[in-house]
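**Q** just coords:
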């Protein structure tokens, strides 16, 4: 149980375009989802926390207008990278937690974004 | 501020050898988690330790939580190529999980 999927697994886009990444909890309802970014040979850095039906909370230094997060249902959160630039190329990982326990997170397989 | 320091950053050893990696902090943890991440995948939780002095074993992996709950170690016995990956320790803070920088382990066949 507790499987999280991401789509797409990899995407290449041109500079200036927008790209949407989906995160789904397949067999449980996730009241909270988290989005992380991981640059090559580095650790995971939390970008934002999203709760179903409310606005996401962004970490310091993460532009909320550039990284749009929507958590419209208990099983789906989306991250849209707007006006992508090559420096946005990274590995984006989402996780989902059950109600009442933000520390028990189930991680998705990640999405590799390359901006050319 | 890096809350979690992991060492070594990189480790490359021969199959069959033993190794230990470390996770340290200047502050006390309520609990600590260890994850393994393989290239191109998300991290997978290996263990959570919550009690000072606690030792948990997962096959050839032994996890120890320091008595003062400020540090932890992961010991791998008879390493195998399948153990290759990024080992991350993480702590809970303000309803979030904060990761260390990780130890990148490579086991040579």
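**A** Cool, the structure landed. If you're wondering where the values come from, they're calculated on a predicted model, not measured in any experiment. Numbering: from 1, shown residues only, chains lettered A, B, ... in the order given.
**Q** burial of the residue nearest to residue A:64 when sequence neighbours are not counted, as a residue count?
**A** Distances taken as CB to CB, 6 or more residues apart in numbering or on different chains put residue A:58 closest to residue A:64, at 4.8 Å, once the chain neighbours are dropped. Where you see a C-beta, it was placed from the backbone N, CA and C, and this is true even at glycine. The number of residues packed around residue A:58, counting by other CB atoms under 10 Å in any protein chain shown, is 19.
**Q** again with residue B:12
**A** With other CB under 10 Å as criterion, residue B:12 counts 12.
**Q** what about it, distance to chain A?
**A** 14 Å (CB to the nearest CB, to the nearest Å).
**Q** The residue nearest in space to the middle of chain A: what's it in contact with?
**A** In chain A, the C-alpha nearest the mean C-alpha coordinate belongs to residue A:35, at 3.5 Å (CA atoms, centre = their mean). Contacts for residue A:35 (CB atoms under 8 Å, 6 or more residues apart in numbering or on different chains) come out as A:23, A:46-48, A:50, A:67, A:69, A:77, A:79, A:92-94.
**Q** so the residue nearest to residue A:64 makes contact with residue A:50?
**A** No: the pair residue A:58 and residue A:50 fails to qualify as a contact (CB atoms under 8 Å) at a distance of 9.5 Å.
**Q** Please settle this for me: is residue A:87 part of a strand?
**A** No: read with DSSP: H, G, I helix; E, B strand; the rest coil, residue A:87 is helix and lies in no strand.
**Q** which ones are touching residue 72?
**A** Here I'm looking at chain A. Contact partners of residue A:72, counting by CB under 8 Å, 6+ apart, are A:52-53, A:78.
**Q** Can you look at chain B instead?
**A** B:22-23, B:32, B:34, B:49, B:63-66, B:89.
**Q** For chain A, state which of the residues you listed is nearest.
**A** Comparing the contacts of residue B:72 against chain A with CB to the nearest CB picks out residue B:89 as the nearest, at 9.9 Å.
**Q** near chain A, which residues of chain B show up?
**A** Residues of chain B found near chain A (CB under 8 Å from any CB of the partner chain) are B:31, B:33, B:40-44, B:86, B:88, B:92, B:95-102, B:104.
**Q** Now with 10 Å, please.
**A** Residues of chain B lying near chain A by CB under 10 Å from any CB of the partner chain: B:2, B:4, B:6, B:9-10, B:30-31, B:33, B:35, B:37, B:39-45, B:48, B:86, B:88-102, B:104.
**Q** Of those residues, keep whichever come out buried.
**A** Buried subset of those (neighbour count, 16 or more other CB atoms under 10 Å in any protein chain shown): B:4, B:6, B:33, B:35, B:37, B:41-43, B:48, B:86, B:88-92, B:96-102, B:104.
**Q** hey, what's the residue in chain A positioned nearest to chain B bridged with?
**A** Closest approach between chain A and chain B, counting by CB to the nearest CB: residue A:107, at 3.7 Å. Following DSSP bridges, residue A:107 is listed with bridge partners residue A:95.
**Q** Scan chain B for its longest strand.
**A** Across chain B, the longest stretch assigned as strand under DSSP state E is strand B:85-93.
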